[in-house]
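**Q** sequence isn't available, so here's the structure alone:
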């Protein structure tokens, strides 16, 4: 299979990008098109992909792109996500329906947002939650201490596109692909009590999975 | 925060989509633009997102879109991925460098590709691999039986954009976001012997993670 033009362009742009310092302006589409003798549409497609991957940052409107600051990718453990042990900021609690409260926080590493954690909880199971929750205690610990709620969860992992709401909190463009870890919480009697999701910026955080000791390739 | 226009458009398109049968043509950009009184650029952005999410399929060239067949999402276990126990097809073995062989398969469910598994292995550690491997035995079992190779792996999970090569195997457009599970293989003495990756179509497969029994929200 021949390598598509935009992918050839991407390889060239990556070489160019790797020679440049963080935060320096990247040449505009037209200049790159002239430099490589490729159409502007081809260059644009390659630039778009580098923006989605967090290698380039696009300015507002038509102000062109700049080299994204290189950051080490943070490895997050599943257990820390589920138990809400990751550093977080701006925790909000809001009623979204008759019987539903959403607790949402931005997960941070250094001074950067790396994820958004949200839990949708049934008010009838957790009466007074919005009033009682101090917004600093890890949520599972709070639910245990206050309501005696202990649960099992079977998380699953997928890719999704950031909604405008999530994108604003992660400081990325809407529709940027993010890693999603979601789970339902059930109490000891098997009753569903809530639904949780963590959405991670893939250019800033990876999910570390449990070690596998099987034979493998 | 106001809801962006394209996201309003997406909600309207989803309503329209949900009324239609699998594989039926979806109205063209221009008709949708007239119907909702929104610009074609706005409609296009919403359509693009539905294509990336696997809800619409775009024809070659300018032939418009159609409703993607609804399929149940397959839940894959991490262990099955690492141990290569998922149904697979078209396994190939190719030398890509002096000391490197790549074993690649397409993971299938029903009659559809849901993922691509590849393992890059050092020839010096696995002499004769390309000649000896039968392409049907799960790779880890083959490496164990043939070379006595048993390893531990610490997988991690992220989001990435499908390369043209991977996209062709998954039957999606290049740069479609996919879920990646990657790991390094080390032998008992801690020596690195290879690198493996499974890339999953997120509209067809999710990764089931180990059950968490901690208190959680």
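**A** Yes, it's here. This structure is a prediction, so every number in the text was calculated from the model and none was measured. Numbers count the residues shown, from 1 in each chain, chains lettered A, B, ... in the order given.

**Q** how about the strands in chain A?
**A** Using DSSP state E, the strands of chain A run over residues A:56-58, A:65-67, A:74-77, A:88-97, A:100-109, A:112-122, A:156-161, A:177-186, A:192-201, A:205-208.

**Q** state the mean pLDDT of the third one.
**A** Translated: strand A:74-77. Strand A:74-77 comes out with an average pLDDT of 92.

**Q** got JSON lines for the strands of chain A, with mean neighbour count and distance to residue B:202 too?
**A** C-betas here are computed from N, CA, C, even on glycine. Compiled in JSON lines, the strands of chain A are given as follows (neighbours: other C-beta atoms under 10 Å in any protein chain shown; distance: least, C-beta to C-beta, whole Å):
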{"stretch": "strand A:56-58", "mean neighbour count": "19", "distance to residue B:202": "24"}
{"stretch": "strand A:65-67", "mean neighbour count": "19", "distance to residue B:202": "27"}
{"stretch": "strand A:74-77", "mean neighbour count": "17", "distance to residue B:202": "19"}
{"stretch": "strand A:88-97", "mean neighbour count": "13", "distance to residue B:202": "25"}
{"stretch": "strand A:100-109", "mean neighbour count": "20", "distance to residue B:202": "21"}
{"stretch": "strand A:112-122", "mean neighbour count": "22", "distance to residue B:202": "17"}
{"stretch": "strand A:156-161", "mean neighbour count": "22", "distance to residue B:202": "4"}
{"stretch": "strand A:177-186", "mean neighbour count": "22", "distance to residue B:202": "9"}
{"stretch": "strand A:192-201", "mean neighbour count": "22", "distance to residue B:202": "13"}
{"stretch": "strand A:205-208", "mean neighbour count": "21", "distance to residue B:202": "14"}
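
**Q** so which of the ones you listed gets nearest residue B:206?
**A** Closest of those to residue B:206 is strand A:156-161, at 4.6 Å (criterion: C-beta to C-beta).

**Q** now do the closest one: everything it contacts.
**A** A:174-183, A:199, A:207, B:49, B:52-53, B:75, B:157, B:159, B:177-179, B:202, B:206-209 (C-beta atoms under 8 Å, 6 or more residues apart in numbering or on different chains).

**Q** ok, now with 7 Å
**A** The contact list for strand A:156-161, computed with C-beta atoms under 7 Å, 6 or more residues apart in numbering or on different chains, reads A:175, A:177-182, A:207, B:49, B:52-53, B:75, B:157, B:159, B:177-179, B:202, B:206-209.

**Q** ditto for stretch A:166-178
**A** A:52, A:106, A:113, A:116, A:159-164, A:199-202, B:1, B:4, B:7, B:49, B:159, B:177.

**Q** how's chain A carved up into domains?
**A** Residue ranges for the domains of chain A, per automatic domain parsing: A:5-67, A:74-208.

**Q** centre of the chain to the last one, how far?
**A** Offset of domain A:74-208 from its chain centre (C-alpha atoms, centre = their mean, to the nearest Å): 12 Å.

**Q** and if you look at stretch A:68-78?
**A** Distance, centroid of stretch A:68-78 to centroid of chain: 11 Å (C-alpha atoms, centre = their mean).

**Q** swap in stretch A:9-25?
**A** 24 Å.

**Q** could you give the average pLDDT over that stretch?
**A** In the prediction, stretch A:9-25 has an average pLDDT of 93.

**Q** quick one: it near chain B?
**A** No. Stretch A:9-25 does not reach chain B (C-beta under 7 Å from any C-beta of the partner chain); its nearest approach is 9.3 Å.

**Q** residues touching that stretch, excluding its own?
**A** In contact with stretch A:9-25 (C-beta under 7 Å, 6+ apart) are residues A:36, A:38, A:42-43, A:46-47, A:49-50, A:55, A:64, A:66-67, A:69-70.

**Q** tell me the least confident of the residues you listed?
**A** Pick the lowest pLDDT in the contacts of stretch A:9-25 and you get residue A:64, at 84.

**Q** burial measure for that residue, as a count.
**A** Residues lying near residue A:64 (other C-beta atoms under 10 Å in any protein chain shown) number 16.

**Q** so it sits right up against residue A:28, yeah?
**A** Yes. Counting by C-beta atoms under 7 Å, residue A:64 touches residue A:28, with 5.0 Å between them.

**Q** hmm, back to that, need the domains of chain A in a markdown table (columns: distance to residue B:141).
**A** Compiled in a markdown table, the domains of chain A are given as follows (distance: least, C-beta to C-beta, whole Å):
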| stretch | distance to residue B:141 |
| --- | --- |
| domain A:5-67 | 35 |
| domain A:74-208 | 25 |
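
**Q** now the nearest residue to residue A:207 once chain neighbours are set aside: how far from residue A:38?
**A** Nearest residue to residue A:207, sequence neighbours excluded (C-beta to C-beta, 6 or more residues apart in numbering or on different chains): residue B:157, at 4.2 Å. According to C-beta to C-beta, to the nearest Å, residue B:157 stands 34 Å off from residue A:38.

**Q** quick one: contacts for residue A:126?
**A** A:143, A:147.

**Q** look up phi and psi at it.
**A** Main-chain torsions, residue A:126, degrees, to the nearest 10: phi -130, psi 70.

**Q** which residue packs closest to residue A:124, ignoring adjacent ones?
**A** residue A:99 (5.5 Å).

**Q** ok, residue A:195 next?
**A** In space, residue A:195 is closest to residue A:120, 4.9 Å off (C-beta to C-beta, 6+ apart).

**Q** residue contacts, the residue nearest in space to the middle of chain A?
**A** For chain A, the residue nearest the mean C-alpha position is residue A:200 (2.2 Å; C-alpha atoms, centre = their mean). Going by C-beta under 7 Å, 6+ apart, residue A:200 touches A:114, A:115, A:178, A:179, A:207.

**Q** what number of residues lie near residue A:166?
**A** 23.

**Q** oh, that last question was meant for residue A:127, not what I typed.
**A** For residue A:127, using other C-beta under 10 Å, the count is 11.

**Q** over to residue A:124?
**A** 10.

**Q** and if you look at residue A:20?
**A** Residue A:20, neighbours per other C-beta under 10 Å, totals 13.

**Q** phi first, then psi, for it.
**A** According to degrees, to the nearest 10, residue A:20 has phi -100, psi 150.

**Q** quick one: low-confidence ranges for chain A?
**A** A:1, A:60-62, A:212-217 (pLDDT under 70).

**Q** now do 80
**A** Applying pLDDT under 80 to chain A flags the ranges A:1-2, A:59-63, A:151-152, A:187-191, A:211-217.

**Q** returning to what we had before: of the contacts of stretch A:9-25, which is the nearest to chain B?
**A** Closest approach to chain B among these (C-beta to the nearest C-beta): residue A:49, at 5.4 Å.

**Q** that closest one: what's it in contact with?
**A** Applying C-beta under 7 Å, 6+ apart, the residues near residue A:49 are A:10, B:161, B:175.
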